[in-house]
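Asker: here's a sequence, model it:
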Amino acid sequence: MTTVQLEYIVAVDTYRSFVVAAEKCFVTQPTLSMQIQKLEDELGIKLFDRSKLPVVPTEIGVAVVAQARIILKENARIKEIIADQKKEVQGNLKVGIIPTLAPYLLPRILTGFMKKYPKVKLEVWEFPTEQIMQQLKQELLDCGLLATPLHNPHLEEHPLFYESFVVYTSKTNPLYEKKVVKAEELEIKDVWLLNEGHCMRNQVLNICKDKFTMGDNRNLEYNTGSVETLKRMVDLNEGYTILPELSLQDLSPKQLNMVRYFRAPEPVREISLVTHRHFIKQALIEAFSKEILLHVPEKMRAQKNKKVIEILAE
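Answerer: The predicted model follows:
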């Protein structure tokens, strides 16, 4: 039994395909199949049911693959221990980030992080929350930058900062005349929302859950996955939207005049660095977390006088 063979069976379990697993492992499909067959012969069991598409592990195969994942993680820890001893931050770091955070946070941190740690290869994907959670469980990602809490026993959350939600309102909306806004003053018929599948949509609805009744909505239903589109809809139409505070950084003075904050305790989204419960690459992830905090406004680092909004529908 070799670690290469274990890597191959984990890849087949992850991708449910011998062909795709071979591509991801950078070997030919016959080579991968031959090594898995050797392992099965050595163990005297069948690890995968090849008669089904997609390929699925057998009952005993599920247990063996789970143990293989643990062995590979512990094997990787040896390199991590050596890197920690040498005080080196190096290796690959695969990060998932939600689209409502990525354009406002990543440009601030990427250049500085790569200059500080030239031996790190950083790979970043923008995915919805559910996809990031799934890929963390499958170990396709090392960490995710997500709104939390997620209430998932397989994942660990490391809160980084608390980003306020703000109202962005047209001049024709009654909210424009207010200095601060209370949740009960929001009207569903006037709001522009992200489409379903975005955790921020649920958070906005949870802010206003005592007021919103979806049957009161306007005749126009516009579905978008972009915070920038929400801003433009308010700029060029009537109504209002609710934005994360980091998205305000590029607004013009005229647009900033359309921003209204909530009365304390302010509704916020908790942004956390999320890992698998048995994550490795601790030094890399800690360095990445520290770089993020260097570029986040100080007031966002404390939770005082803030109310964390759940991302699940209530």
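Asker: G239 is in contact with N173, correct?
Answerer: Yes - N173 is in contact with G239 according to C-beta atoms under 8 Å; the separation is 6.1 Å. Heads up, the C-betas are built off the backbone N, CA and C, glycines and all.
Asker: which neighbours do those two share?
Answerer: Common neighbours of N173 and G239, using C-beta atoms under 8 Å, 6 or more residues apart in numbering, are D190.
Asker: quick one, helices of the chain?
Answerer: Taking DSSP state H as the criterion, the chain contains helices spanning 3-15, 18-24, 29-43, 59-85, 102-116, 129-137, 199-207, 227-236, 253-256, 282-294.
Asker: by contact count, what packs against the fourth one?
Answerer: What it means is helix 59-85. Other helices and strands packing on helix 59-85, by 3 or more C-beta pairs under 8 Å, 6 or more residues apart in numbering; DSSP states H and E, are helix 3-15, helix 282-294.
Asker: how about 10 Å then?
Answerer: On a contact count with 3 or more C-beta pairs under 10 Å, 6 or more residues apart in numbering; DSSP states H and E, helix 59-85 meets helix 3-15, helix 29-43, strand 48-49, strand 56-57, strand 91-97, helix 282-294.
Asker: got any ranges where this structure has weak pLDDT?
Answerer: Along the chain, segments meeting pLDDT under 70 span 83-87, 209-223, 313-314.
Asker: quick one, domains of it?
Answerer: Following the TED database, one gets these domains for the chain: 3-83, 88-156+273-300, 162-267.
Asker: gap between the two ends of the longest one?
Answerer: With C-alpha to C-alpha, to the nearest Å applied, domain 162-267 spans 9 Å between its terminal residues.
Asker: separation between E187 and Y117?
Answerer: Counting by C-beta to C-beta, to the nearest Å, the separation of E187 from Y117 is 48 Å.
Asker: who's more crowded, the two?
Answerer: It is Y117, of E187 and Y117, that has more neighbours when counted by other C-beta atoms under 10 Å, with 20 against 15.
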